[in-house]
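In: for reference, the sequence and a predicted model appear below.
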Amino acid sequence: MEYIRKLDASGKARPCILDNVERSLLCHTCYLGFDQFECTDCDNWNIIPHSCHSRFCNACGVKYAKQLAAKATYPHRHIVFTIPEELRNWFRQDRTRLDLLFVAARNTICILVNRSLLKKLKMKQLKDTHYIFKDPCS
């Protein structure tokens, strides 16, 4: 927390970052406020602390993501690209190699989604740039 406060004081972090971190740390505590419910029959009472409602919070962010997914009325796919364990040291030796990974991931998604674009680019005979959506099968 001190590290983030130092970043905020030096102007290297946006003010919203400190605010979100502090709210996440206080999530579901009485510091953010609470509701108190009392039973009129037995005089038992219950305190329910407020949450931070931040999408960066571990608890509230999951709720936020689930609400967004429930609102999605269109079919979608979730794709995760990972680096095989055997190649991780190769990427660690030169971090600029990660650009290759991102280009390959983007090209793969574009091929899956839009094969017609690949056909148009092949017809124009554009092959010498790594930003062209190359078909890995050809």
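Out: Everything's here; your move.
In: could you give me the buried positions within stretch 95-111?
Out: 107-108, 111 (16 or more other CB atoms under 10 Å). Just so you know, the C-beta spots here come from the backbone N, C-alpha and C atoms, and that holds for glycine as well.
In: chain center to it, what's the gap?
Out: 18 Å (CA atoms, centre = their mean, to the nearest Å).
In: can you give me the helices for this structure?
Out: 2-10, 15-25, 58-71, 88-93, 98-113, 115-123 (DSSP state H).
In: residue contacts, the most centrally placed residue in the chain?
Out: For the chain, Phe56 is the residue whose C-alpha lies nearest the centre (CA atoms, centre = their mean; 9.1 Å). Neighbouring residues of Phe56 by CB atoms under 8 Å, 6 or more residues apart in numbering: 20-21, 24.
In: swap the cut-off to 7 Å and go again
Out: The neighbourhood of Phe56, defined by CB atoms under 7 Å, 6 or more residues apart in numbering, consists of 20, 24.
In: how about Trp45?
Out: So Trp45 contacts 36-38 (CB under 7 Å, 6+ apart).
In: next step: those restricted to strands.
Out: 36-38 (DSSP state E).
In: include distance to Pro15 and neighbour count when you put the residues you listed into a markdown table, please.
Out: Compiled in a markdown table, those are given as follows (distance: CB to CB, whole Å; neighbours: other CB atoms under 10 Å):
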| residue | distance to Pro15 | neighbour count |
| --- | --- | --- |
| Gln36 | 32 | 9 |
| Phe37 | 35 | 9 |
| Glu38 | 39 | 10 |
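In: appreciated, that's everything.
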